[in-house]
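[1] Sequence first, predicted coordinates after that:
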Amino acid sequence: MRAQRVALIGIALATALVATARGEIAGVQFSADMISRGPDGQVVSGRMYVGDGRMRMEMTQQGREIVRISDQNRRMEWILFPDQQSYIEQGGSEGQGGGDAPAPLPSAESDPCAGMPGMSCRRLGQEDVSGRPAVKWEMVMTHEGKTLKGVQWIDAERGLPLKHEMPNGETMELKLVGNESIEGRQVEKWEMTTTLPNEQPSRTFQWYDPQLKLSVREEFPGGYVRELKSIRIAEQPDHLFTVPAGYTRMEMPSPEQ
């Protein structure tokens, strides 16, 4: 089971580019190549398919093919191991328990603390951040008997976090740099500046696709790059989002395995 646990960790990392995977929520169906590059030039690639409320990611982890299928309508997820013709199932349909509710479209009016245990948010009003209208939220959490407060500003148009100020002194600000074209798609380039106490600011860049409602490219300090390439808008066939016949269900490995 240890190999399955390692594979699951790899899947979590590979999902980072599309952390919220809002494309399928928006009803835009497409396929794309997933590419990650490190500063040493090493390239890790995979394939993504986004259907109607469903997503499939194919990748190779430690030389092993892994497939992840998510169905937000049914609140289900399957992780497939084609070499063993086996799979792990997680979640459950409405009323059966298990699984997370489908994520809503990004919205400045959505409670940013929803689904975060121990945290609560309060809407404080609307302000401009770098010339863009934003909704200001106060975030409150209790830690070791202490009440900690932070503030976050959510872009009114895009639903993206434009700025936050944390109790530990961390600050973040996201600024729209301009519009660019990537592989013929019109995208927005954003610069994120994060500052920690007594440290130099770090900057990352992301290219946001308004149609897909996700970032199709990200550049991180140190030369790390994640991107989606060969994006093709098209309806995706149902068989991509189902467990193939003949596969055997396995139980989720426990943390100590």
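    That came through, no problem. Residues are numbered from 1 along each chain as shown.
[2] going forward, measure contacts and count neighbours with C-alpha atoms only.
    Fine.
[3] Now stretch 206-214: buried residues?
    By neighbour count on 16 or more other C-alpha atoms under 10 Å, the buried set for stretch 206-214 is Gln206, Trp207, Tyr208, Asp209, Leu212, Lys213, Leu214.
[4] The first one and Asp52, how far apart?
    So that's Gln206. Gln206 is 25 Å from Asp52, where distance means C-alpha to C-alpha, to the nearest Å.
[5] Is His239 in a helix, a strand, or coil?
    helix (DSSP: H, G, I helix; E, B strand; the rest coil).
[6] what's the burial count for it?
    Neighbourhood size, His239 [other C-alpha atoms under 10 Å]: 8.
[7] can you check Ser230 too?
    Residues lying near Ser230 (other C-alpha under 10 Å) number 10.
[8] And the helices in the stretch 51-200 of the chain?
    Taking DSSP state H, counting those that start in this stretch as the criterion, the stretch 51-200 of the chain carries no helices.
[9] For it, give me the ranges with low pLDDT.
    92-106 (pLDDT under 70).
[10] if we can go back for a sec, turn the buried residues of stretch 206-214 into a markdown table, including secondary structure.
    Formatted as a markdown table, the buried residues of stretch 206-214 follow (three-state DSSP):
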| residue | secondary structure |
| --- | --- |
| Gln206 | strand |
| Trp207 | strand |
| Tyr208 | strand |
| Asp209 | strand |
| Leu212 | coil |
| Lys213 | coil |
| Leu214 | strand |
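[11] Of the residues you listed, which pair is most distant in space?
    Pairwise distances across the buried residues of stretch 206-214 peak at 13.9 Å for Gln206 and Leu212 (criterion: C-alpha to C-alpha).
[12] Who does Ser202 form a beta bridge with?
    Thr194 (DSSP bridges).
[13] separation between it and Leu212?
    As judged by C-alpha to C-alpha, Ser202 and Leu212 stand 27 Å apart.
[14] now do Leu240
    Where Leu212 is concerned, Leu240 sits at a distance of 20 Å (C-alpha to C-alpha).
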